[in-house]
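Q: with the input below, show me the fold.
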Amino acid sequence: MEMLKQKKKTTGRKRIEIKKLEKEANKQVTFSKRRAGMFKKASELCILCNAHVAIIVFSPADKLFCFGEPSTEAVVERYLKGAPDFEPMKSSERKKPVSCEEHNRKYEEAMKALELEKKNKADVEGFAKVWGRGEWWNEEIHEMSVEQLEQFLVAIYELRSRLLQRAAEIMMMHGML
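A: Numbering: from 1, shown residues only. Predicted coordinates:
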């Protein structure tokens, strides 16, 4: 009986002061909880009031999260056009709704491609510095040191790989593959 009377003593839910959080872990946890709450409130608003809502948010880790009813794209497009009402779309024009996961995947792919391009740019600039005006393919190889020969060989393989990749891209764009 005494055990039933004793309650677990916890601090419970507290109101926090609204100020910028300093710890990255706290930012991420707070973002996740508040994002879920915000999306839930937006969903309730849509259901209760037949409202059209779009929320686009980037997390502290730069990941994209979005919510939209009827869809994020439709609400944003309506806003950009300044249209008072949604234009009914023909079934052939309707796009399958894109999930937040799909947006996140595309964003991650774009970020990886950007990093790869930055690396490629740095490589090209490095080769240009090593080989003078960037015409390293015209250098006399019998005057090169072993290290320079190794760099030259790596550069040639990299150039070959990029040429093959670009050729494949061009062929795919023109429907040759």
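
Q: can you name the next helix or strand after the helix or strand of the chain with the lowest mean pLDDT?
A: Taking all helices and strands of the chain together, the one with the lowest average confidence (mean pLDDT, DSSP states H and E) is helix 2-5, at a mean of 55. The helix or strand immediately downstream of helix 2-5 is helix 24-49, counting by DSSP states H and E.

Q: which parts of the protein are helices?
A: Remark: helices of the chain, listed N- to C-terminal, are 2-5, 24-49, 72-81, 100-130, 146-173; assignment by DSSP state H.

Q: residue nearest the centroid of this structure?
A: The geometric centre of the chain, computed from its C-alpha atoms, lies nearest to Y107 (Cα atoms, centre = their mean), at 2.2 Å.

Q: what's around E125, how many residues?
A: When counting by other Cβ atoms under 10 Å, one arrives at 11 neighbours for E125. (Glycine included, C-beta is placed from N, CA and C.)

Q: who's in contact with stretch 23-42?
A: Surrounding stretch 23-42, the residues in contact under the criterion Cβ atoms under 8 Å, 6 or more residues apart in numbering are L21, V53, I55, V57, S59, P60, A61, F65, F67, E69.
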